[in-house]
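**Q** heads up, no residue letters with this:
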């Protein structure tokens, strides 16, 4: 099982950008899909984006498609989530997670980071 650590969260004004990083250790990172999920205040955790182990076609939630971009560098064991045109409704704790295959369902992921807070002010 891999160990995941997120970073890059913070406070940003609406319309701004942030780039989240997820660094993994503990297993062959390049063989696993990585997803980003988020949990807004008082809400359930939801899927944001994911990328396959071979950096094939990424998948995005409708709410972030066109604004967020997921990418990975297996040599650095790192996945990034570039977030542009941020909105107040993007405020949440963002988590990265690892899975054998790319999926939009939490249950598919067996490794989770501790989360990083993103706050978007209006």
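**A** That came through, no problem. Quick caveat: nothing in here was measured; it's all calculated off a predicted structure.
**Q** distance of the most centrally placed residue in the chain from residue 112?
**A** Note on the chain: the residue nearest the mean C-alpha position is residue 36, at 2.5 Å, using C-alpha atoms, centre = their mean. Residue 36 sits 11 Å away from residue 112, going by C-beta to C-beta, to the nearest Å. Where you see a C-beta, it was placed from the backbone N, CA and C, and this is true even at glycine.
**Q** any common contacting residues for those two?
**A** 95, 96, 97 (C-beta atoms under 8 Å, 6 or more residues apart in numbering).
**Q** who's in contact with the first one?
**A** Taking C-beta under 8 Å, 6+ apart as the contact definition, residue 95 lies against 6, 36, 37, 38, 39, 45, 112, 113, 114, 115.
**Q** Pick the one among the residues you listed closest to residue 102.
**A** Closest approach between these and residue 102, by C-beta to C-beta: residue 36, at 11.6 Å.
**Q** Quick check: the gap between the closest one and residue 50.
**A** Taken as C-beta to C-beta, the span from residue 36 to residue 50 is 7 Å.
**Q** What about residue 31? Give its phi and psi, please.
**A** phi -90, psi 0 (degrees, to the nearest 10).
**Q** wait, what's in contact with it?
**A** 53, 100.
**Q** cutoff 10 Å now
**A** Going by C-beta atoms under 10 Å, 6 or more residues apart in numbering, residue 31 touches 53, 54, 74, 98, 100.
**Q** Which members of those occur in strands, if any?
**A** The subset of the contacts of residue 31 located in strands under the criterion DSSP state E comprises residue 98.
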